[in-house]
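[1] Pasting the sequence and the predicted coordinates here, then a few questions.
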Amino acid sequence: MSDFNNMMESWVGSAKYDSKNREIGFIVGLNDNGTEFAGWVQSGRMIGREFQEFGVPQRAKYFKTQREATNWAYSTAKQRIANLK
């Protein structure tokens, strides 16, 4: 695999809060090197105005297109939010 260098992360909040009043959500990460595309979904907490990773680090999944990686990552984050109690 070639070096990945186009990383982007964004926050998908759940509007649900933990015992420390931090919003629970997921960090959607995308990265590519022009020919290979990766996506991951990491549990996170919004602390102030910044999101931070929470829990066990998640591994990336690899896709043939940026669209596939993006669709998988955001749909996975939404599914995980739907499963929050």
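    Received it, and whenever you're ready, just let me know what you need. Owing to the predicted nature of the structure, the values given are computational and were not obtained by experimental measurement. Residues are numbered from 1 along each chain as shown.

[2] the strands in this structure, which residues?
    Along the chain, counting by DSSP state E, strands occupy 8-17, 23-32, 37-47, 50-53, 61-63.

[3] which stretches of this structure have low pLDDT?
    Counting by pLDDT under 70, the chain contains low-confidence residues at 1-2, 4.

[4] Now with 50, please.
    Scanning the chain for pLDDT under 50 picks out 1.

[5] So which residue is smack in the middle of it?
    residue 28 (1.9 Å; C-alpha atoms, centre = their mean).

[6] residues touching the closest residue in space to it that isn't next to it in sequence, list them.
    Of all residues beyond its chain neighbours, the one nearest residue 28 is residue 73 (4.6 Å), with distances taken as C-beta to C-beta, 6 or more residues apart in numbering. Quick note: C-beta positions are derived from backbone N, CA and C, even for glycine. By C-beta atoms under 8 Å, 6 or more residues apart in numbering, the contact list for residue 73 reads 28-30, 39-41.

[7] Much appreciated, bye for now.
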